[in-house]
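> Provided below are the primary sequence and the corresponding predicted coordinates.
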Amino acid sequence: MAYGGVILSNSLSFYQKRIVMSSRVQEKNGGASIPHVLSVAGSDSGAGAGIQADLKTCAARGVYCSTVITAVTAQNTVGVQSVHAVPEDFVAQQLKSVLSDMQVDVVKSGMLPSVGVVKVLLQSLAEFSVRALVVDPVMVSTSGDVLAGPSILSTFREELLPMADIVTPNIKEASALLGGIRLETVADMRTAAELLHALGPRNVLVKGGDLPGSLDAVDIFFNGEHFYELRSSRIKTHNTHGTGCTLASCIAAELAKGSPMLTAVRVAKRYVETALEYSKDILIGNGIQGPFDHLLRLKSGSHSFHRKDAFTPSDLFLYAVTDSGMNKKWGRSMVDAVAEAIQGGATIVQLREKDVETRDFLETAKSCLAVCRSHGVPLLINDRIDVALASDADGVHVGQSDMPATVARTLLGPEKIIGVSCKTIEQAQQAWIGGADYIGSGGVYSTTTKANNPTIGLDGLKTVCSASKLPVVAIGGINASNAGTVMGMGVPNLKGVAVVSALFDREDVLAETKKLHALLMEASSSSKMQ
Ligand SMILES: Cc1ncc(COP(=O)(O)OP(=O)(O)O)c(N)n1
Ligand SMILES: Cc1nc(C(=O)O)sc1CCOP(=O)(O)O
Ligand SMILES: [Mg+2]
C-alpha cells in the first residue's frame with residue numbers, strides 16, 4: 001500500500017491484505033464482501049470513456065463502482081467540444097460522501113483536471129484508507145483534445161505517482177511524464193517504464209497501442225524487478241474510444257476482487273481485447289472514433305430479430321419436442337421438421353438433442369431459431385443453457401437433474417423462458433420459487449421416447465396442475481388418440497400438450513401437427529362449454 005493513513009501493514013502483500021480486509025468487511029456486513037472500485041474521473045457525454053466507461057467495466061466484471069466526477073465534458077465520437085471542471089471543494093465533498101460511508105477497495109483515477117483536484121484526492125486518500133490506487137494519467141483524449149494541461153505534470157510526478165500501486169500511461173503520456181523523451185520502440189518503452197518506476201509507483205504499465213509499425217499491441221509491465229512484454233492482437237476497428245479508461249478500471253476491478261497485480265493486468269488486457277473484437281463493427285456516432293460495447297450485448301440477435309412478444313401460457317398449446325433420431329429415420333432435416341411442425345400449428349418448439357456434438361447442436365439451434373423467429377414461435381433448448389445462450393434461443397427446458405431453475409434464471413436473465421419438469425406438488429412449488437415460467441408434467445402415459453420415465457397418469461397430472469402456480473403442459477405418450485382426453489379434462493392451469501413421437505416419428509409432420517392441433521382445439525372448446 002502506497003499512501004499515508006494506511007491501516008494495514010505494508011509488509012503484507014496485496015493478496016494478504018485482501019484476505020484481512022475481506023474478513024473485516026464480512027464481519028461488518030455479516031455476509032460476502034462486495035468488491036468496490038471508486039472511480040475518480042471525468043464524465044464523457046458520449047459514454048465511451050471516463051466515468052461511464054468505468055461504470056460499465058466494473059458492471060461487466062462484477063464489481064461495484066462508485067463515482068467522483070472531476071469534470072463534465074461535452075464530447076462525442078468527433079471529439080471534445082467543451083470541458084467544465086467541477087469545483088475542487090465539490091470534488092472533495094463527493095470523495096468524503098463515498099469514502100466516509102462505503103468500504104472502497106480500490107480507487108482508480110482518470111481525468112484530474114487541476115493541481116487542486118489532485119491534491120484533494122491525495123488528502124482524501126490520507127484520511128480514508130483504501131487498499132490500492134490505480135492511476136490512469138489522462139492528459140490527452142484519444143481524439144487529441146487536451147484534458148489536463150502541462151501545469152499538472154509536476155504534481156503527477158512528485159505527488160500522485162509515488163502513491164500509485166500502478167500507473168498506466170500510453171506512449172504520449174509516458175513521454176510527457178518523462179519530460180518529452182522520444183518513445184519509438186519497445187526498448188524505449190522499457191526504458192520509460194523503468195524511469196517512471198523510479199518516480200515511486202509500485203508498478204508501471206506502458207501501453208504501446210500507439211507504437212508505430214507494430215503488428216501486435218505490445219504493453220510493457222514493470223514491477224521494479226521484472227519486465228513483462230504483454231502482447232495482444234491488434235484489432236482493426238475505429239471503435240477504440242475509452243480503451244485506456246477501460247483497461248485501468250478493469251485492473252482496478254480485478255484488484256478489488258483480490259487478484260495479484262500481474263494477473264489483474266493480464267485479465268484487463270484480455271477483457272479489452274475481447275470487447276474490441278466483439279464491437280469492431282458496431283456503429284455509434286458519426287465521428288472517426290467510436291465507443292465499444294463493454295457488456296458484449298449490443299449486437300445480440302440484432303434486436304429486430306428478437307421475438308417481440310413475451311411468453312404467454314397459450315404458447316404451450318401444442319408444444320413440439322424434437323428428436324433427431326426420428327427425423328433421420330424419416331429422412332428429413334431438423335430444420336425442415338421444425339418448419340413443418342410450425343406450419344401445422346405448433347405453438348412452441350423445444351430442441352431435445354441428447355446425442356449430438358455441441359457444435360452441431362449450436363448450428364441446428366441457430367438454423368431452427370431463424371425459422372421459429374420468422375413465425376413468431378418461441379424456440380427452447382432442452383437441458384443445455386450454454387447452447388441456449390450461444391444461439392440466443394428464447395429459453396430452456398430443464399428437468400429435476402438438470403441445472404436448477406434459479407441458476408438458469410441467473411444465467412439467462414429475466415426475459416428468457418424457463419420450463420421445468422415436475423412430477424410432484426413440491427417440485428412445482430420449487431419451480432415457481434426458482435423463477436420458472438411454466439412446468440412440464442408427465443409422463444401422463446407410458447412412453448418409449450424417454451427411458452425409465454415414471455408414469456404419473458391423468459390423476460398425477462391433475463394433482464400437479466391444481467397445486468401449480470405456473471401454467472402446465474402435459475407430456476408423455478400423448479398422441480392423436482388421447483390428446484382430446486387430456487385437454488378435455490378442463491383441468492385448471494393445463495394449457496397444452498407436449499409431444500415428440502406423435503409429430504416426429506411419423507412420415508408427414510405437417511399433416512400430423514394439423515390433425516393434433518384440430519383435436520386440441522375441439523377438446524379445449526368443448527371442455528370450456530361444460
Ligand atoms: C415440456 C417438457 N416437459 C418435460 C420434459 C422432460 O425434461 P427432463 O425431465 O429434463 O428430461 P429430458 O427431456 O431432458 O430427457 C421436456 N423435455 N419437455
Ligand atoms: C421428454 C419427455 N419427458 C417426459 C416426462 O414425463 O417428463 S416424457 C418425455 C417423452 C415424450 O415423448 P413422446 O411424446 O414421444 O411420448
Ligand atoms: Mg433434462
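Sure, I can see it. Residues are numbered from 1 along each chain as shown. Ligands and ions are numbered 1, 2, ... in the order given.

> Which helix or strand lies directly C-terminal to the longest strand seen in the chain?
Ordering each strand of the chain by length in residues (DSSP state E) puts strand 64-75 first. Toward the C-terminus, strand 64-75 is succeeded by strand 80-85 as the next helix or strand (DSSP states H and E).

> which secondary structure elements does that next one contact?
strand 64-75 (3 or more C-beta pairs under 8 Å, 6 or more residues apart in numbering; DSSP states H and E). Every C-beta, even on glycine, is put in place using the N, C-alpha and C of the backbone.

> Now do the strand it packs on against strand 80-85, angle only.
Using axes from the mean of the first three to the mean of the last three C-alpha atoms, to 10 degrees, the inter-axis angle of strand 64-75 relative to strand 80-85 is 120 degrees.

> Strand 64-75: which residues count as buried?
Using 16 or more other C-beta atoms under 10 Å as the test for burial, strand 64-75 gives 64-73, 75.

> again, but for stretch 362-375
So for stretch 362-375, counting by 16+ other C-beta under 10 Å, buried means 362, 364-369, 371-373.

> need these in TSV with distance to residue 317, pLDDT and secondary structure, can you?
Formatted as TSV, these follow (distance: C-beta to C-beta, whole Å; pLDDT from 0 to 100; DSSP: H, G, I helix; E, B strand; the rest coil):
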residue	distance to residue 317	pLDDT	secondary structure
362	28	98	helix
364	24	97	helix
365	23	98	helix
366	25	97	helix
367	24	97	helix
368	19	98	helix
369	20	97	helix
371	19	97	helix
372	15	97	helix
373	19	96	helix
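
> Neighbours of the closest residue to ligand 2 within the stretch 1-150 of the chain, how many?
Per C-beta to the nearest ligand atom, residue 62 is where the stretch 1-150 of the chain lies closest to ligand 2, at 35.1 Å. The number of residues packed near residue 62 is 11, by other C-beta atoms under 10 Å.

> what's near enough to touch it?
35, 253, 257 (C-beta atoms under 8 Å, 6 or more residues apart in numbering).

> Looking at the last one now. What's its pLDDT?
This points to residue 257. Residue 257 is assigned a pLDDT of 97 by the prediction.

> before we move on, the earlier item: return the list of helices and strands in contact with the longest strand of the chain.
Against strand 64-75 (3+ C-beta pairs under 8 Å, 6+ apart) you get strand 36-44, helix 50-60, strand 80-85, helix 88-99.

> The third one - what's its average pLDDT?
When you say that, I think you mean strand 80-85. 94.

> Pull out the buried residues from it.
Across strand 80-85, burial judged by 16+ other C-beta under 10 Å covers 80, 83, 85.

> The first one touches residue 73, doesn't it?
Yep, that's residue 80 we're talking about. Yes. Shown here, residue 80 and residue 73 form a contact pair, counting by C-beta atoms under 8 Å, at 5.5 Å.

> that older thread, between the buried residues of strand 64-75, which is closest to residue 124?
Nearest to residue 124 among the buried residues of strand 64-75: residue 68, at 8.7 Å, using C-beta to C-beta.

> if I read this right, the closest one contacts residue 98, doesn't it?
Yes. Counting by C-beta under 8 Å, residue 68 does reach residue 98; the two are 6.4 Å apart.

> Identify the contacts common to those two.
Common neighbours of residue 68 and residue 98 (C-beta under 8 Å, 6+ apart) are residue 38.

> List the contacts of residue 344.
When contacts are counted by C-beta under 8 Å, 6+ apart, residue 344 touches 503, 509-514, 516-517.

> per-residue confidence at residue 62?
96.

> For my notes, confirm it occurs in a strand.
No. If the criterion is DSSP: H, G, I helix; E, B strand; the rest coil, then residue 62 is coil and not within a strand.

> Report the beta-bridge partner residues of residue 419.
residue 397, residue 438 (DSSP bridges).

> ok, how many other residues are close to it?
Residue 419 has 30 neighbours, counted by other C-beta under 10 Å.

> now it: how far from ligand 2?
11 Å (C-beta to the nearest ligand atom, to the nearest Å).

> Spit out the contact partners of that residue.
350, 380, 395-398, 436-440, 473.

> Now narrow the residues you listed to whatever sits close to ligand 2.
Among the contacts of residue 419, proximity to ligand 2 is found for residue 440 (C-beta under 6 Å from any ligand atom).

> Sort out which one of the contacts of residue 419 lies nearest residue 315 for me.
residue 438 (8.2 Å).

> related to what we said a few turns ago, CSV please, covering the buried residues of stretch 362-375 and showing distance to residue 129.
Listed next are the buried residues of stretch 362-375 as CSV, based on distance: C-beta to C-beta, whole Å:
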residue, distance to residue 129
362, 49
364, 55
365, 51
366, 51
367, 57
368, 56
369, 52
371, 59
372, 55
373, 54
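
> Run through the stretch 101-250 of the chain and note the low-pLDDT ranges.
Along the stretch 101-250 of the chain, segments meeting pLDDT under 70 span 141-148, 213-214.

> Now do the same for residue 457: its pLDDT.
In the predicted model, residue 457 carries a pLDDT score of 98.

> before we move on, back to that, and the buried residues of strand 64-75, which two are the farthest apart?
Of all pairs in these, the most separated under C-beta to C-beta is 64 and 75 at 25.9 Å.

> which parts of the stretch 301-450 of the chain sit against ligand 2?
Taking C-beta under 6 Å from any ligand atom as the contact definition, the stretch 301-450 of the chain meets ligand 2 at 321, 421, 440, 442-443, 447, 449-450.

> If you rank those residues by neighbours, which is first?
The residue in those with the most neighbours, by other C-beta under 10 Å, is residue 442 (28 neighbours).

> List the contacts of it.
So residue 442 contacts 421, 423, 453, 455-456, 461, 474-478, 498 (C-beta under 8 Å, 6+ apart).

> One more: residue 293?
275, 278-279, 282, 299.

> for the helix or strand hosting residue 381, what is the average pLDDT?
Element membership for residue 381, per DSSP H and E: strand 379-382. Confidence over strand 379-382 (mean pLDDT, whole number) is 98.

> can it be found next to ligand 1?
Yes. Contact of strand 379-382 with ligand 1 (C-beta under 6 Å from any ligand atom) involves residue 382.

> In contact with residue 175, which residues are there?
So residue 175 contacts 181-183, 192 (C-beta under 8 Å, 6+ apart).

> can you list the contacts of residue 293 in TSV and add secondary structure?
Converted to TSV, these look like this (three-state DSSP):
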residue	secondary structure
275	helix
278	helix
279	helix
282	coil
299	coil
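
> Would you map the strands across the stretch 201-350 of the chain?
In the stretch 201-350 of the chain, the strands defined using DSSP state E, counting those that start in this stretch lie at 204-207, 216-222, 227-233, 318-321, 348-351.

> Pipe these into a markdown table and attach distance to residue 118 per row.
Shown next, in a markdown table, are the strands of the stretch 201-350 of the chain (distance: least, C-beta to C-beta, whole Å):
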| stretch | distance to residue 118 |
| --- | --- |
| strand 204-207 | 18 |
| strand 216-222 | 23 |
| strand 227-233 | 28 |
| strand 318-321 | 63 |
| strand 348-351 | 58 |
